[in-house]
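> fold the following and give me the result.
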Amino acid sequence: MKRQVIIALALVAGASLYTAEAASKKKAAKKQTTEAVEPVQLKSSSDSVSYAAGISLTNGLIPFLVQQQNVDTAYMADFIKGFKEIIKAGDDPRMKACQAGMDIARQVRERMLPGITKEFQDSPDSIVSSLLFKGFTAALEKDTTIFKQAEAEDYFKAKQIADKAAKEEKLWGPNREAGRKFLAENAKKDSVITLPSGLQYKVLYMGTGEIPKPTDKVLVNYEGRLIDGTVFDASRKHGSKPAEFRPNQVIKGWQEALTMMPVGSKWQLFIPYELAYGDRESGKIKPFSALIFDVVLEGIDKPKTEESATPATTAPKEIKKQAKAAKKQAKSAKK
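Predicted structure coming up:
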């Protein structure tokens, strides 16, 4: 009986020692993980100014972190930890290199990757992000097992060009062909004059005023349509006054036509995509779109000194002669 009591006491004592030891270890671990915070002591005016400056510098920081850095405020403790580590590291070159690596990684992931991914979207190829990151790292490690630097760049550029062409053909090929077909049929009309550049125009009425130079400021009323009749722009949408610009500031088709038109003329222009917006998209205008414009050249806005010093030159007869010759040439070509 006595022996059993001794064993029981021993077990109780052992359990108490184990519990005390565990509690001690837990307390020590907690002490290690909790960084000792040195109390702030402001002993001078400079101390106070410095401390206040630090607080002031955080004004607007939280919205910046959320909106520009995509930081979740639930992890502010981790942000503060990183801030303290960088401050503590000072000019340590290893920490600088590590920080630069993290900054570049963020730029590659958040800025460069989305752009390249979108570029190859709807093309025969697509971007695999994990392999892009591996290729990036391989180049920095000078690993030429698969590609040398120059080989990779040449291959990538070739693919960019080929995939861009394939993508454009897939998305806009039908639109381009519809424009070409429309212009081919339109050129057969007797009233339509086709110039060597591919620009087509129809004289609705011929003015008798001066012909603008590329640098003159012209006053124009216009309406622009797609070949399906959709109106994508008109001067009336921008106010009651004519639009003002210089011929050398607009698309090539307009520039060529305006520097042939006498003031007071109204022409209808049929512009191939090469003389319009090309492979660019602009509002309702899709890439490779042929365009139709009704254009009225209302006048040329010149400084008064220039008007008084330089007499106006009119050349409606010459324009009519050119139009007649071009029309005759177009008829001969059709035969």
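
> where exactly do the strands run in the stretch 51-200 of the chain?
193-194, 200-205 (DSSP state E, counting those that start in this stretch).

> actually the stretch 201-335 of the chain, sorry about that
Using DSSP E, counting those that start in this stretch, strands in the stretch 201-335 of the chain cover 217-226, 231-234, 243-245, 266-271, 291-301.

> deepest in the core, which of the strands of the stretch 51-200 of the chain is it.
Highest mean neighbour count among these (mean count of other C-beta atoms under 10 Å): strand 193-194, with a mean of 22. For the C-beta atoms, the positions are set from N, CA and C on the backbone; glycine is no exception.

> neighbouring strands for it, and are they parallel or not?
Strand pairing for strand 193-194, determined by DSSP bridges: strand 200-205 (antiparallel).

> can you give the contact residues for the partner strand?
Residues external to strand 200-205 that are found in contact with it (C-beta atoms under 8 Å, 6 or more residues apart in numbering): 183, 186-187, 189, 191-195, 257, 265-271, 294, 323.

> mind running it again at 10 Å?
Residues outside strand 200-205 that contact it (C-beta atoms under 10 Å, 6 or more residues apart in numbering): 183, 186-187, 189-195, 253, 256-257, 260-261, 264-272, 290, 292-296, 319-320, 323, 326-327, 330.

> give me the mean pLDDT for it.
For strand 200-205, mean pLDDT rounds to 96.

> relative orientation of that strand and strand 266-271 in degrees?
170 degrees (axes from the mean of the first three to the mean of the last three C-alpha atoms, to 10 degrees).

> quick one: strand 200-205 to chain centroid distance?
Relative to its chain's centre, strand 200-205 lies at 38 Å (C-alpha atoms, centre = their mean, to the nearest Å).

> from residue 154, how far off is residue 63?
The gap separating residue 63 from residue 154 is 45 Å, by C-beta to C-beta, to the nearest Å.

> which strand residues bridge residue 297?
residue 220.

> ok, it - contacts?
207, 209-212, 218-222, 242, 257-258, 260-267.

> hang on, the earlier thing: out of the strands of the stretch 201-335 of the chain, nearest to residue 175?
Nearest to residue 175, of all the strands of the stretch 201-335 of the chain, is strand 217-226, at 9.4 Å by C-beta to C-beta.

> check the offset of the closest one from the chain's centre.
28 Å.

> what packs against that strand?
On a contact count with 3 or more C-beta pairs under 10 Å, 6 or more residues apart in numbering; DSSP states H and E, strand 217-226 meets helix 149-186, strand 231-234, strand 243-245, helix 252-258, strand 266-271, strand 291-301.

> tell me, what residue is most central in the protein?
residue 115 (8.6 Å; C-alpha atoms, centre = their mean).

> show the contacting residues for it.
Residues near residue 115 by C-beta under 10 Å, 6+ apart: residue 127.

> model confidence score at it, please.
96.

> just to revisit the earlier point, buried ones among the contacts of residue 297?
207, 209-212, 218-222, 242, 257-258, 260-267 (16 or more other C-beta atoms under 10 Å).

> wait, isn't residue 101 in contact with residue 136?
No - in this structure, residue 101 is not within contact of residue 136 by C-beta atoms under 10 Å, at 11.0 Å.

> the two - which one has more neighbours?
More neighbours surround residue 136 than the other of residue 101 and residue 136, with 15 against 11 (other C-beta atoms under 10 Å).
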